[in-house]
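Colleague: Next input, structure requested:
(4 chains, ligands or ions: 12)
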Amino acid sequence: MARKMPETPLLDQLEGGPWPSFVTGLKRLAQDEGKPYADYVKSLLGQLEQSYRERKGFWKGGTVGVFGYGAGVIPRFSEIAGEWPESSEFHTLRIMPPAGMHYDTATLRKFCDVWEQYGSGLIALHGQSGDIMFQGCKTENVQKAWDEFNAMGFDMGGAGAGVRTSISCVGAARCEQSCFDEAKAMRMCVNSALDDMHRPSLPYKFKFKFSGCANDCSNATQRADMAVLGTWRDDMQVNQDEVKKKVAELGRKEFINQVIRMCPSQALSLNDDDTLDVDNKSCVRCMHCINVCTKALKPGKDRGVTVLLGGKRTLKIGDLLGTVVVPFMKLENDEDYQKLVELGQNIIDFFAENALEHERIGEMIERIGLVNFLEGVGLDLDPNMIRHPRTNPYIRTDGWNEEVEKWNARHGGGAAAAE
Amino acid sequence: MARKMPETPLLDQLEGGPWPSFVTGLKRLAQDEGKPYADYVKSLLGQLEQSYRERKGFWKGGTVGVFGYGAGVIPRFSEIAGEWPESSEFHTLRIMPPAGMHYDTATLRKFCDVWEQYGSGLIALHGQSGDIMFQGCKTENVQKAWDEFNAMGFDMGGAGAGVRTSISCVGAARCEQSCFDEAKAMRMCVNSALDDMHRPSLPYKFKFKFSGCANDCSNATQRADMAVLGTWRDDMQVNQDEVKKKVAELGRKEFINQVIRMCPSQALSLNDDDTLDVDNKSCVRCMHCINVCTKALKPGKDRGVTVLLGGKRTLKIGDLLGTVVVPFMKLENDEDYQKLVELGQNIIDFFAENALEHERIGEMIERIGLVNFLEGVGLDLDPNMIRHPRTNPYIRTDGWNEEVEKWNARHGGGAAAAE
Amino acid sequence: MTELRRPDECGVPDPMPFMHPVLRNNYGKWAWHDRPRPGVLHHVAESGDEVWTVKAGTQRQMDIHTVRKLCDIADAFCDGHLRFTVRSNVEFMVTSADKIDPLIKRLEAEGFPVGGTGNSVSMISHTQGWLHCDIPGTDASGVVKSLMDTLYEEFKNEDMPNRVKITTSCCEINCGGQGDIAINVQHTKPPRINHDLVANMCERPAVVARCPVAAIRPALVNGKATLEVDEKKCVCCGACFPPCPPMQINDPEHSKIAIWVGGKHSSTRSRPAFHKLVVAGLPNNAPRWPEVAEHVRMILSAYKENARPWERMGEWIDRIGWPRFFELTGLPFTKYHVDNWRGGRSSLNASAHLHF
Amino acid sequence: MTELRRPDECGVPDPMPFMHPVLRNNYGKWAWHDRPRPGVLHHVAESGDEVWTVKAGTQRQMDIHTVRKLCDIADAFCDGHLRFTVRSNVEFMVTSADKIDPLIKRLEAEGFPVGGTGNSVSMISHTQGWLHCDIPGTDASGVVKSLMDTLYEEFKNEDMPNRVKITTSCCEINCGGQGDIAINVQHTKPPRINHDLVANMCERPAVVARCPVAAIRPALVNGKATLEVDEKKCVCCGACFPPCPPMQINDPEHSKIAIWVGGKHSSTRSRPAFHKLVVAGLPNNAPRWPEVAEHVRMILSAYKENARPWERMGEWIDRIGWPRFFELTGLPFTKYHVDNWRGGRSSLNASAHLHF
Ligand code: SRM
Ligand code: SRM
Ligand code: SRM
Ligand code: SRM
Ligand code: SF4
Ligand code: SF4
Ligand code: SF4
Ligand code: SF4
Ligand code: SF4
Ligand code: SF4
Ligand code: SF4
Ligand code: SF4
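Modeller: Ligands and ions are numbered 1, 2, ... in the order given. Here you go, the predicted model:
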């Protein structure tokens, strides 16, 4: 017997206004009479209305999964299934999209068809970590839906204490600022860690994110355990004629205010002939002037990536930003990309062995100290990893000479620098 | 029997070179045969040579003072008096100079005469806290020397757990940047705290320092428990003709680089006619542009001081810089100065009652929290006291509405703001 | 039978087969871009190829009809290709400029606002809330919808000094991340403990370990092993709730909304920065959260009127100073704004830099 | 008898009677200043009055003959007035420009170098050391003399990008304060404890309380109540030595010299900053400390050649970056440079700001 549409006076208020309404969408689904999901969504609307009324959530977790995987499904069981039995199970399947979230319509239509058959008809594009979230599935249908998606060539995303789904910015696909192949790097790193994603057994979650430049369109710096950001080592590319045009366009005063004055490192000065004098040694590769002068300025040609570790949200010790552990790594040929993959694996291995339960890598590094971490994973210490040296004398320096030797060894010959 | 000049092969090496040599000075004294201090200094040279040879100091403390005071003399007894008996006592008298360290020669000559009679003949002008240090006095002569200095109108400086000798920059006496009468403020604050200086019974040392502007020539910000720095509230004074001259002098490019670009708050921009566009709301009163353009720019006319608390060196928790507790306080008439004196007294009283033994006020504020401190001394919270609000959610905010009331009360009417 | 089918561990799909041909052909070879109008990006490749991207907003939580509608549009204008941004906006790529206006007309007609480019207020990063999460203090979809309704014009135009990145989060965990403006739940009372349930449901040592201020200790309540909270210490963060649902932190009255500003992930100009608390104590006023919307608008208009070109929210405030920010927005400054968490001293003003 | 004479608690003397008349007359009314040549300041008052200040270096620890010599000069040129700066330089004020050259000649003839103004390396802030302190690891007067000998030209000329403020300190307590360059003792071994003395000399709880890392604990050594140090924890700071002399931290071999850079008290441009460790492990090589002098010169010449006008040492390094600083100076970068003290994380590079 078909359930009738629940009263949703509060939710109804979210149908007005110009922005696309999820309520209208849910109602459309609820009213697709005859569709397998219609009553399911009616029931969901009923529970959601109750949440709005009582200002309270009614979902609890549980254990639901697919054969062969230990994660990727977020199980939700209703605490008020008595009132809303049809939607008592409302699980989410996290599916990884193509890197950069590019789609053809055939694929999206197929997703809709599968979700029409096995799910609620509600799809979130995308989750904050980058998954396609197929939201609303009964336990009995989870495996069926998954089989279809998997057959289409899509794989399950991350959840729990394992490697998580990743994001790479649009980058090389449609951005002149891109300093490496974000999609390639992302796919190689994540796809080499699938076991830790699908059968999670790390101390805690581990997220990769990839941005083609310091603009960090994937929010890697704070939202990734391992952030890979594009940069360059040589001089930026300058087209002085275009600079002059930009000066003319903005006017001298505003060009000074918006470009020269805003450079965080005082690396820019304006010549009297309205050309730009770039001090590339002072430039910190922040992208600002390049952003303002998209035609006149470009990153240099000797490109690669910087790797930061430890970004995360606030739990336990407060928010953490990633901090630099590899200032520069060339990413040109396949070996270069392979090195990045190995770096990721070493870091995950060290994390797996040394982190405490529910400890993110940033918390771990905070606990054991950057220097010990670097020694542990075999990375060379570099002054680009710090904002400034210590300001306090609270350190026992009787190993000074040995440390000086290490540095000189590395900087005497390029030999050590190579590895 | 006159002691003969000790062998000082190491110290002798400090007589060469163009810089004035303290060794030559000491030797001159040592060779003033017949003077009361000659053998005393010979002996001192002997001990000092031994320190140079063995790379070790040989002084230990003790208790020596003058009648009526509990501090101001730094007692030194030799650990190797056996070898160097004449200089077995080598105490220092700390005497406070006139504010700004101005002297007439009559006074200095009198100091020399007194110190020739009762001391070693060695005078340090000045100690890092600002004292005249009469260095090298036998216990028996301390009171005698002190009586002479005191009779001249000079008083003993600070030592131990009390208020210390203060410094004020040259300021109003010879500096166009001066935003208040540094000498007056310094004398009023210190002279109202003489009891805490001469009979020290605070939890620990307390230092005042006074600088007429943010250039902080008295090193107040890091080296004073209470730093008083000159500033202004209105717009800075600009002479556009002099600005143009300066632009011409440096050249446009360098003027931009050295003035516009270096402003820490992007408050300056250069008009196309080479006049200066000052955004006084953004200006942080750092003094830079004024320093560069001494003829063109000046602090505003509505002048006063900012008070910072907590500067100190590193013991226990690491170096501390002072932090703002009073963003602006007008210093014009005597009542204004009296208010500053009272502020200093309140702060010292609160410090005396609430600090732990050997705890500086900066450490105390760190321990109890700025907000509790402000409430304790009755100062109003102001956003100029912080660089930015909290970035973490770890705070219980159920008193929010009451706090909002407090703020609105203060900012509704000027009434509360007045006090 | 399917149950036993081994998964094909194929990982992240290669985007190339899905990518619009002009992007694929010029992959890594773009020369420059500009924005002919709000909602439209124009990228030019070294090859001379050009592509115009028309960007539109979505509700993120889409029903299949909406997704199919987007597909229809992509089939009609973009050879069947489209992409989504990290903020759940949808991007349609076209290779000839004269397709732009019809495409925009069609999108608007179908109810998808065109904008979100450049110096606009883009779509709010969106979390789960009451729709799906197990720990939410509020909803996400409803908050986003309500706010985007009031920010509709700001989305469609590029009138801000720089990009504005807003985030929402339905609990203090803050899955929405840092933002120029962040709207997060802020609990104001310690969890009420359902002692009967703790014993069977919670792994107690794990819960104790989650508390940032060590306010939780094991206890016995009528014979049962449970937990108790030191209410003096508790900062009401809710971290104990996910691992132990009986630690009921959510409260219709006392779970409030707080607004934070100045978060920034980019290293552009200034270093990345966390958002900072500016307003707390706002009511969790479903279904429209008017008080939240009002405060967000207030902050945005102060930013819009006073910030200089290219200044992000936090950079603007750094220049004008926090005293002026509170003055311009009329927001109160309270003791709660002063950081008393570990290392909080570094947020104090240790200089003579002052704003008057 | 004198012993019983009550002190006249007169406090800090009023400077007016001592002040040069032209300063007194124009007190608080100065208009501008410039520097006609190194070592000379020229201040002009609103009244039109002018004063030239000739600045010269002293050894600070002066014998009365030196002080009298300065008085003779002040009597001859400055109507019997002079002042000292916070860096123990002496300033002679004259009211007519033609007195400048003779005054300078006289000062130089008497052995007082004229300079220390503007962008010079001024006198080093000077502490006590072996001459007088009870806890020094090295001397102060000798270190200052040795360094100023090698910095003589830098004192007499204004060839630096900005003022250079150097400090020395004869133990880690660092009475010399923060500096563009700071030369401090850095102990490298835990204190050797003279157990026989601890019992009678030291107030043990106070000593335990002084240790920044809680490495000291009470102990019994052959029946006597004494203290022991956990050598794993000890950071060799020497803080336990002043309150407890038997905690012998000073060692002719293991008490080394460290060099720090980038300290700044002014709020001019950048906020005040602490100096940062750059070199440690230098020998305490009395009487001339050549290794220290060599390193200081190396750092100064890199600064002189590379910094831009008005950049203080630390501001210059912020612009060019620490990698380049170590490159330009050829100094090694080691694990000891990475702050592992409380809150050290804030000194890590949490951004994509990089210097290549
Ligand atoms: C679904 C999603 C929000 C969304 O609607 O987009 C989400 C939802 C949850 N997050 Fe999150 N997080 C999501 C992205 C994030 C992000 C953003 C990111 O990944 O870029 C963050 C901040 C970055 C970070 O990783 O710290 C984030 C920080 C957290 C945290 C805090 C971790 C911390 O160390 O502070 C938790 C709590 C925890 O891990 O214990 C958490 C926990 C959760 C849980 C599992 C709540 C819980 O502990 O039971 C939520 C499940 C909701 C549900 O029913 O699906 N989620 N979470 C996002 C994942 C979708 C996807 O797979 O694409
Ligand atoms: C004499 C002087 C150095 C000099 O030759 O100029 C000096 C000498 C001593 N200082 Fe100092 N300090 C002197 C200015 C400073 C300064 C600079 C300032 O005042 O601007 C500082 C840094 C700022 C500060 O106050 O922190 C300073 C920070 C210390 C400290 C570290 C305090 C801390 O909290 O970290 C100590 C150790 C202590 O207080 O326990 C200390 C302790 C000492 C002692 C008493 C050593 C001891 O604990 O036994 C020294 C006595 C030496 C002697 O035999 O005369 N002295 N001391 C300075 C005082 C002369 C004067 O009165 O004018
Ligand atoms: C499409 C997208 C990448 C993607 O893979 O999806 C993207 C695309 C571009 N970003 Fe971005 N950014 C995108 C998310 C971000 C994010 C992350 C986010 O939105 O959550 C950031 C970091 C935000 C932060 O700092 O917290 C981001 C920080 C930037 C910046 C630096 C802004 C700044 O000054 O701090 C630039 C540079 C600029 O504005 O010229 C930039 C510039 C650009 C450019 C102009 C790059 C280019 O040359 O094509 C792209 C056009 C954007 C536009 O619509 O005007 N993009 N960009 C993302 C669109 C999100 C959206 O729908 O609004
Ligand atoms: C005489 C003296 C004040 C006193 O009461 O004795 C003084 C006097 C002047 N200082 Fe200073 N400063 C004096 C110590 C300081 C100190 C403290 C110190 O040296 O220990 C500082 C803070 C140092 C720090 O930040 O660590 C100091 C930071 C400044 C600054 C800011 C420099 C900067 O850019 O950070 C200026 C502004 C400028 O250079 O134009 C300044 C400017 C000046 C001016 C130009 C002010 C004026 O208009 O007259 C004076 C001329 C100085 C000269 O010789 O060129 N004075 N000045 C001190 C001379 C010390 C010496 O003998 O070398
Ligand atoms: S991060 Fe850089 S490369 Fe990637 S999309 Fe943004 S601007 Fe382009
Ligand atoms: S990229 Fe950034 S740091 Fe480099 S020159 Fe441009 S604005 Fe300056
Ligand atoms: S602090 Fe300011 S007022 Fe005082 S001497 Fe220095 S520059 Fe002049
Ligand atoms: S005083 Fe400092 S902050 Fe103010 S305008 Fe001048 S340089 Fe900028
Ligand atoms: S922010 Fe909190 S409530 Fe919202 S999805 Fe994330 S964990 Fe769930
Ligand atoms: S709410 Fe937060 S602070 Fe309070 S007990 Fe739970 S975890 Fe601890
Ligand atoms: S630095 Fe140390 S040794 Fe030198 S005077 Fe100060 S306390 Fe004494
Ligand atoms: S030297 Fe410093 S760290 Fe070592 S025991 Fe003494 S006080 Fe503690």
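Colleague: which intervals of the stretch 251-356 of chain C have sub-threshold pLDDT?
Modeller: Judged against pLDDT under 70, the stretch 251-356 of chain C has no low-scoring part.
Colleague: how about the residue of it found nearest ligand 6, what does it touch?
Modeller: In the stretch 251-356 of chain C, no residue comes nearer to ligand 6 than C:Arg269, which is 6.8 Å away by C-beta to the nearest ligand atom. For the C-beta atoms, the positions are set from N, CA and C on the backbone; glycine is no exception. Going by C-beta atoms under 8 Å, 6 or more residues apart in numbering or on different chains, C:Arg269 touches A:262-264, A:286, A:288, C:310, C:312, C:315.
Colleague: residues making contact with stretch A:182-191?
Modeller: Under C-beta under 8 Å, 6+ apart, the answer for stretch A:182-191 is A:96, A:99-100, A:163, A:165-169, A:171-173, A:197, A:208, A:210-212, A:218, A:226, A:228, A:230, A:305, A:331, A:337-338, A:340-341, A:344, C:11-12, C:14-15.
Colleague: Swap in 7 Å and give it another go.
Modeller: A:99-100, A:163, A:166, A:168-169, A:171-172, A:208, A:210, A:212, A:228, A:331, A:337, A:340-341, A:344, C:11-12, C:14-15 (C-beta atoms under 7 Å, 6 or more residues apart in numbering or on different chains).
Colleague: if you look at those residues, which of them are in strands?
Modeller: A:168, A:208, A:210, A:228 (DSSP state E).
Colleague: Can you tell me the closest non-neighbouring residue to the third one?
Modeller: Spelled out, it's A:Phe210. A:Ser168 (3.8 Å; C-beta to C-beta, 6 or more residues apart in numbering or on different chains).
Colleague: which residues touch the one you found?
Modeller: Counting by C-beta under 7 Å, 6+ apart, A:Ser168 has contacts A:99-100, A:182-183, A:186, A:210, A:218.
Colleague: Just give me the closest of the residues you listed to C:Pro243.
Modeller: Distances from C:Pro243 to these, taken as C-beta to C-beta, are shortest for A:Ser218 (29.1 Å).
Colleague: On the three-state scheme, that closest one is what?
Modeller: Under the three-state scheme (DSSP: H, G, I helix; E, B strand; the rest coil), the conformation of A:Ser218 reads as coil.
Colleague: That one contacts A:Gly212, doesn't it?
Modeller: No: the pair A:Ser218 / A:Gly212 is not scored as a contact, 8.7 Å apart, by C-beta atoms under 7 Å.
Colleague: Tell me the residues that contact both of these two, please.
Modeller: A:Cys169.
Colleague: ok, those two, which is more surrounded?
Modeller: A:Gly212 (32 against 28; other C-beta atoms under 10 Å in any protein chain shown).
Colleague: Please, where are all the strands along chain C?
Modeller: Using DSSP E, strands in chain C cover C:30-37, C:40-45, C:50-56, C:61-63, C:81-84, C:90-94, C:166-169, C:181-187, C:192-193, C:216-221, C:224-229, C:247-248, C:255-261, C:276-282.
Colleague: Neighbouring strands of the second one in the sheet, and parallel or not?
Modeller: Spelled out, it's strand C:40-45. Applying DSSP bridges, strand C:40-45 is found paired with strand C:30-37 (antiparallel), strand C:50-56 (antiparallel).
Colleague: tell me, how many neighbours does residue 191 end up with?
Modeller: Defaulting to chain A. 19.
Colleague: Chain C was what I was after
Modeller: Neighbour tally, C:Pro191, other C-beta under 10 Å: 25.
Colleague: just C:Met201 next, same as before
Modeller: Neighbours of C:Met201 using other C-beta under 10 Å come to 15.
Colleague: Please report how far the residue nearest to A:Cys217 when sequence neighbours are not counted lies from ligand 6.
Modeller: Distances taken as C-beta to C-beta, 6+ apart put A:Cys169 closest to A:Cys217, at 4.0 Å, once the chain neighbours are dropped. Distance, A:Cys169 to ligand 6, by C-beta to the nearest ligand atom, to the nearest Å: 18 Å.
Colleague: Next: A:Asp398.
Modeller: For A:Asp398 relative to ligand 6 (C-beta to the nearest ligand atom), the value is 39 Å.
Colleague: Contact partners for that residue?
Modeller: Applying C-beta under 7 Å, 6+ apart, the residues near A:Asp398 are D:188-189.
Colleague: Repeat that for C:Leu277.
Modeller: B:389-390, C:258, C:260, C:336-337.
Colleague: Any chance of JSON lines for these, columns neighbour count and distance to B:Val23?
Modeller: Compiled in JSON lines, those are given as follows (neighbours: other C-beta atoms under 10 Å in any protein chain shown; distance: C-beta to C-beta, whole Å):
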{"residue": "B:Pro389", "neighbour count": "24", "distance to B:Val23": "56"}
{"residue": "B:Arg390", "neighbour count": "21", "distance to B:Val23": "56"}
{"residue": "C:Ala258", "neighbour count": "24", "distance to B:Val23": "66"}
{"residue": "C:Trp260", "neighbour count": "27", "distance to B:Val23": "62"}
{"residue": "C:Tyr336", "neighbour count": "23", "distance to B:Val23": "60"}
{"residue": "C:His337", "neighbour count": "25", "distance to B:Val23": "57"}
